[in-house]
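Asks: heads up, no residue letters with this:
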């Protein structure tokens, strides 16, 4: 894994032009006196954590905040970076992978269950540890992320799984060249699958997460708005969040889809939007010399890159497309909006 400084040394345009020449294969019981000492230590720890994390002390409040403040988040970050830089990590869709995209997906799918009307779901609770949420189709493959983070949770038992998942994503975004996403600890963990979020929407099979294809561009656009509006996001935020597809890849063993969206799948950048606007996308019909038998997806002329129907709808729908165009032209704008909308997403349900 490149160091963060080295990754940030490549401009998106340079990464893109360089990447064009390669295939994608190259390419997360005190006594009364002791209580006083502990309280003072907690206050200092809370202030230090707030300074380091870029948040204001006291935002989370209560016993949960005190427990989270007692965690040495600088040390947690160091352990997460070790995971991100593990050269032994492998990905079935591309070489040179890191766990960063997987850790972001974990936090994204945890927080993305939020419903603003019922005030259920969201990043608080870490209910994906339980059934039925753990087996939702959209969460396939995420048990690998749970396993990667379990040693960190054991090392810092005062930290909730919910906080760990979000913090790991924040660290991953920054380590992959993205802007810092503000993090406020204080999330709690639910006790059982009885508290998994449920929702009887019209356009999904199970769970509360978006589907990649609803059969037509119009239906897919309607579906995206239904899912994301339920969380409280508008069109611009939907497109910005979709920029997470600048990282990682799809896997046939999980979703049935295959391949990375960009040639820089371990870097936060606007490459996803540039590919959407500047590349040529046609329905995928073959894969490694054989007929493609997976779900409908699109590929570029090399067959190395892919787009989902839900990606393509971002340039098929006029309202979505205007934001795709803005981000394709301005990486700084995307980086700013992406960090902001991730911060909003990761705090849903608190």
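Replies: That came through fine. From a predicted model like this one, the values you see are computed outputs, not experimental measurements.

Asks: Could you report the pLDDT at the residue nearest the centre of the chain?
Replies: Closest residue to the average C-alpha location of the chain: residue 104 at 2.8 Å, with Cα atoms, centre = their mean. With respect to pLDDT, residue 104 has a value of 98.

Asks: Can you spell out which helices and strands pack onto whatever helix or strand it lives in?
Replies: Secondary-structure assignment from DSSP states H and E places residue 104 in helix 100-111. Here helix 100-111 touches helix 73-84, helix 143-155, helix 161-175, helix 331-346, going by 3 or more Cβ pairs under 8 Å, 6 or more residues apart in numbering; DSSP states H and E. For the C-beta atoms, the positions are set from N, CA and C on the backbone; glycine is no exception.

Asks: Of all these, which one is nearest residue 294?
Replies: helix 143-155 (20.4 Å; Cβ to Cβ).

Asks: residues of that closest one that come out buried?
Replies: Buried residues in helix 143-155, defined by neighbour count with 16 or more other Cβ atoms under 10 Å: 145-146, 148-149, 152-153.

Asks: residue ranges with poor pLDDT in the stretch 51-200 of the chain?
Replies: Scanning the stretch 51-200 of the chain for pLDDT under 70 picks out 51-69, 199-200.

Asks: Tell me which of the helices and strands packed on helix 100-111 is the most buried.
Replies: With neighbours taken as mean count of other Cβ atoms under 10 Å, the helices and strands packed on helix 100-111 reach their highest mean count in helix 161-175, at a mean of 27.

Asks: Check which helices and strands whichever helix or strand comes after that helix sits against.
Replies: Moving toward the C-terminus from helix 161-175, the next helix or strand (DSSP H and E) is helix 217-231. Counting contacts by 3+ Cβ pairs under 8 Å, 6+ apart, helix 217-231 is packed against helix 235-242, helix 309-316.

Asks: Make TSV out of those and add mean pLDDT and distance to residue 190.
Replies: As requested, those are exported to TSV (pLDDT from 0 to 100; distance: least, Cβ to Cβ, whole Å):
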stretch	mean pLDDT	distance to residue 190
helix 235-242	98	24
helix 309-316	98	29
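
Asks: Tell me the one of the buried residues of helix 143-155 nearest residue 197?
Replies: residue 146 (17.6 Å).

Asks: Contacts for the helix or strand that contains residue 272, please.
Replies: Secondary structure from DSSP H and E places residue 272 in helix 271-278. For helix 271-278, the external contacting residues (Cβ atoms under 8 Å, 6 or more residues apart in numbering) are 12, 15-16, 242-243, 245-246, 261-264, 300, 305, 307, 311-312, 314-315, 324-325, 327-328, 334.

Asks: Pull out the buried residues from those.
Replies: If we count by 16+ other Cβ under 10 Å, the contacts of helix 271-278 have these buried: 12, 15-16, 242-243, 245-246, 261-264, 300, 305, 307, 311-312, 314-315, 324, 327-328, 334.

Asks: returning to that earlier point: same question for the helix holding residue 272, mean pLDDT?
Replies: Helix 271-278 comes out with an average pLDDT of 98.

Asks: Provide the strand pairings for the helix or strand just after it, with the direction of each partner.
Replies: Following helix 271-278 in sequence order, the next helix or strand is strand 282-283 (DSSP H and E). Neighbouring strands of strand 282-283 in its sheet, by DSSP bridges, are strand 298-299 (antiparallel).

Asks: What's the mean pLDDT across the strand it pairs with?
Replies: Taken as a whole, strand 298-299 has an average pLDDT of 98.

Asks: helices and strands around the very next helix or strand once past it, which ones?
Replies: Next along the chain after strand 298-299, taking DSSP H and E as the criterion, comes strand 306-307. Contact here means 3+ Cβ pairs under 8 Å, 6+ apart; on that basis strand 306-307 packs against strand 298-299.

Asks: So what touches the strand it packs on?
Replies: With Cβ under 8 Å, 6+ apart, strand 298-299 has contacts from 259, 281-284, 305-309, 311-312.

Asks: same thing but at 10 Å, please
Replies: Contacts to strand 298-299, defined as Cβ atoms under 10 Å, 6 or more residues apart in numbering, come from residues 258-259, 279-287, 292, 305-309, 311-312.

Asks: export the helices and strands packed on helix 100-111 to CSV and tack on distance to residue 223?
Replies: Formatted as CSV, these follow (distance: least, Cβ to Cβ, whole Å):
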stretch, distance to residue 223
helix 73-84, 32
helix 143-155, 25
helix 161-175, 24
helix 331-346, 18
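
Asks: Spit out the contact partners of residue 126.
Replies: 106, 110, 133, 146, 153, 160-166, 187-190.

Asks: make it 7 Å
Replies: 110, 160-162, 165, 189-190 (Cβ atoms under 7 Å, 6 or more residues apart in numbering).

Asks: give me phi/psi at it?
Replies: In terms of degrees, to the nearest 10, the main-chain angles of residue 126 are phi 50, psi 40.

Asks: Let me know the secondary structure of residue 294.
Replies: coil (DSSP: H, G, I helix; E, B strand; the rest coil).

Asks: ok, how many other residues are close to it?
Replies: For residue 294, the neighbour count with other Cβ atoms under 10 Å is 13.

Asks: What of the one 10 residues further on?
Replies: Counted by other Cβ under 10 Å, the residues lying close to residue 304 total 19.

Asks: From residue 263, how far out is it?
Replies: Distance, residue 304 to residue 263, using Cβ to Cβ, to the nearest Å: 8 Å.
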